[in-house]
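Student: pasting a predicted model and its sequence here:
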Amino acid sequence: MKSELIAPCGMNCNLCIAYLREKRKYLCSCPGCRGNNKDKPNSCIRCIIKNCEILKKNNWKYCSVKCEKYPCQRLKNLDKRYRKKYVMSMIENLGFIEKNGIRKFIKSEEKRWIKDNKIFCVHNKKYFDI
């Protein structure tokens with residue numbers, strides 16, 4: 001898994017259908033929500049959390065408990081939707097990253113989502129070849 005594919009909101013884009021579909025279809029990977037690549041999904045380009053002024057002003061990679069608005073309503077809504085539909089919590093992911101760092105988070109995610117050299121897609125609940 002690539003750490004640059006962990007979104008500011010705590011989403012692991014390595015598990016996203018857009019990333020996995022692009023990787024499989026074109027044998028290259030979606031860039032995730034970071035960077036200025038215009039080929040990424042519109043939801044990533046327009047994401048309010050990714051484009052948060054507080055993140056930019058403080059040069060933070062991820063939403064943080066250091067933020068006076070953490071967790072903001074948008075993050076709470078996203079977290080609620082992903083907990084219900086995809087058994088994943090952005091707020092838990094961010095807490096783990098804050099406490100343990102991104103490297104340990106990636107290792108934890110690999111143990112959770114990769115089985116028999118296949119990676120689980122949270123959106124369609126299928127495994128894809130790595």
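Tutor: Received it, and whenever you're ready, just let me know what you need. Numbering: from 1, shown residues only.
Student: tell me which element Gly32 is part of?
Tutor: Using DSSP states H and E, Gly32 is not contained in any helix or strand.
Student: show me what contacts it?
Tutor: Residues in contact with Gly32 (C-beta atoms under 8 Å, 6 or more residues apart in numbering) are 2, 4-7, 13, 19, 40, 44. Every C-beta, even on glycine, is put in place using the N, C-alpha and C of the backbone.
Student: what's the closest non-adjacent residue to Asn93?
Tutor: Gly10 (3.6 Å; C-beta to C-beta, 6 or more residues apart in numbering).
Student: so that neighbour: helix, strand or coil?
Tutor: coil (DSSP: H, G, I helix; E, B strand; the rest coil).
Student: rewinding a little: please pick the buried ones from the contacts of Gly32.
Tutor: Among the contacts of Gly32, the ones that count as buried by 16 or more other C-beta atoms under 10 Å are 5-7, 13, 19, 40, 44.
Student: which stretches in this structure count as helices?
Tutor: 17-26, 42-45, 53-58, 73-86, 90-100, 102-113 (DSSP state H).
Student: so Val87 sits against Lys125, correct?
Tutor: No. Using C-beta atoms under 8 Å, Val87 makes no contact with Lys125, being 9.3 Å away.
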